[in-house]
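[1] Coordinates for the following, if possible.
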Amino acid sequence: MKKKSTLIGVIIGVIVAFVVFQHLPNPNEPDNTIIKKPSPYNQTTRVYDGPARIDIVNNTMYIKAKFEDNETSKIIIPIDALLFKNKFLFNEDSRSNSSEISPQPAYSEVYKKIGLFNTSENIVFVYPIFTQAAYDENGFYYYYNKLCDSTCLTVNIPPEEHGKYTSSIRAAAILSILNYPHITDVDIDKNPDILKKFDRIIVLHNEYVTQKEFDGITKHPDVVYLYPNALYAEVKTDYANNTITLVRGHGYPDANIRNGFNWKFDNSQYEYDNQCDNWSFYKVDNGKMLNCYPAFRMYYDRDLLTAIKE
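    Here you go, the predicted model:
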């Protein structure tokens with residue numbers, strides 16, 4: 001009797017193992033279910049400032065953002081104007097090199113008006129994980145700045161969304177607090193049809209995208225291009241090795257090539273206006289584009305946050 005029970009247990013175990021194995025996700029196949037919902041009011045996002053340096057003096061944020069061409073932009077924001085809680089983390093020279101963005105309970109009613117609470121609007125934003133990868137250490141910019149050879153044009157796809165200023169981490173944090181769901185470049189590249197599930201797509205600083213992603217976004221009928229310089233350079237993916245490689249754009253493989261897709265709506269000329277004092281959206285064939293870089297404006301401008309979903 002004991003031997004028979006053991007045999008039955010082994011058979012059941014094999015069947016269960018087979019069923020589980022059959023349902024394990026295949027990383028090389030598209031995942032039609034990946035739609036990530038934020039956790040509003042309980043969400044904290046760590047932000048690394050990248051080219052921006054932040055000083056806090058007399059309850060005021062003084063932001064200095066330095067760009068590739070060494071131009072510097074200064075932004076001044078009173079702390080009291082911020083719609084989101086910011087815990088500033090300081091380095092050894094008493095300057096903020098990172099911060100934690102989280103919901104501000106006092107503004108919960110404001111969030112309901114400017115966010116996706118109590119609404120039937122079907123909107124998603126695209127987190128630029130490929131752009132995060134391109135700007136990582138020993139990535140594309142090490143090649144551009146002649147600190148590395150072409151081996152730096154193949155980089156690992158990050159396992160987590162821990163971007164900086166260059167990959168719109170502030171906008172991602174704020175939109176998540178406002179209850180916007182998100183997907184990533186990977187989700188679209190593996191399954192461009194995922195975009196058909198949404199009435200509106202919000203593109204951040206998705207500077208580096210694949211051809212399939214470019215086609216999927218530009219064919220969607222309602223896209224908010226929230227950041228200039230999006231869809232700027234083409235990369236290819238290798239999911240077996242979990243990498244992306246630069247194909248075309250940003251002066252590669254020829255110095256005269258700027259936009260890798262020869263996209264007629266490229267608006268990279270607005271990339272360095274990060275004060276957004278005269279922000280406005282203008283129409284393009286499949287949606288609307290913002291005429292400035294809104295990383296810091298989104299901290300406090302209710303009208304801008306409202307306009308994103310309207």
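
[2] just the helices in the stretch 1-150 of the chain please.
    2-22, 108-114, 129-135, 140-144 (DSSP state H, counting those that start in this stretch).

[3] Mean pLDDT lowest where, among those?
    When the helices of the stretch 1-150 of the chain are ranked by mean pLDDT, helix 2-22 comes last with a mean of 40.

[4] Could you verify my assumption that F261 touches L231?
    Yes - if you go by CB atoms under 8 Å, F261 and L231 touch, sitting 6.4 Å apart. All C-beta spots, glycine's among them, are computed from the backbone N, C-alpha and C.

[5] Which one of those two is surrounded by more residues?
    L231 (25 against 17; other CB atoms under 10 Å).

[6] A strand includes the more buried one, no?
    No - using DSSP: H, G, I helix; E, B strand; the rest coil, the assignment for L231 is coil, not a strand.

[7] Over to it: give its phi and psi.
    Dihedral pair for L231: phi 50, psi 50, per degrees, to the nearest 10.

[8] pretty sure it is touching Y208, no?
    No - taking contacts as CB under 8 Å, L231 lies outside contact range of Y208: 9.1 Å.

[9] ranges for the strands of the stretch 51-200 of the chain?
    52-57, 60-66, 72-78, 85-90, 96-102, 123-127, 154-156, 182-184, 200-203 (DSSP state E, counting those that start in this stretch).

[10] State the mean pLDDT of the fourth one.
    Okay, so that is strand 85-90. On average, strand 85-90 scores 74.

[11] For that strand, which helices and strands make contact with it?
    strand 96-102 (3 or more CB pairs under 8 Å, 6 or more residues apart in numbering; DSSP states H and E).

[12] same thing with the second one?
    In terms of contact count using 3+ CB pairs under 8 Å, 6+ apart, strand 60-66 is assigned the packing partners strand 52-57, strand 72-78.

[13] quick one, it and strand 85-90 angle?
    60 degrees (axes from the mean of the first three to the mean of the last three CA atoms, to 10 degrees).

[14] centre of the chain versus strand 60-66, how much separation?
    22 Å (CA atoms, centre = their mean, to the nearest Å).

[15] what about N156, neighbour count?
    N156: 13 neighbours (other CB under 10 Å).

[16] Would you indicate which residues of stretch 232-246 are buried?
    For stretch 232-246, the neighbour count (16 or more other CB atoms under 10 Å) marks Y232, A233, E234, V235, T237, I244, L246 as buried.

[17] Then stretch 194-204?
    For stretch 194-204, by 16+ other CB under 10 Å, it's I194, L195, F198, R200, I201, I202, V203, L204.

[18] For it, measure first residue to last.
    Stretch 194-204 has an end-to-end distance of 17 Å (criterion: CA to CA, to the nearest Å).

[19] Check the offset of it from the chain's centre.
    13 Å.

[20] Quick one: mean pLDDT for that stretch?
    For stretch 194-204, the per-residue pLDDT averages 96.

[21] Likewise for stretch 54-66?
    70.

[22] Stretch 249-257 now?
    Per-residue scores along stretch 249-257 average to 95.

[23] Mind listing residues that contact that stretch?
    For stretch 249-257, contacts defined as CB atoms under 8 Å, 6 or more residues apart in numbering pick out 140, 144, 153, 208, 232-234, 246, 248, 258-261.

[24] got TSV for the residues you listed, with distance to D80 too?
    Formatted as TSV, those follow (distance: CB to CB, whole Å):
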residue	distance to D80
F140	39
Y144	40
L153	45
Y208	37
Y232	36
A233	40
E234	44
L246	43
R248	46
R258	41
N259	41
G260	43
F261	43
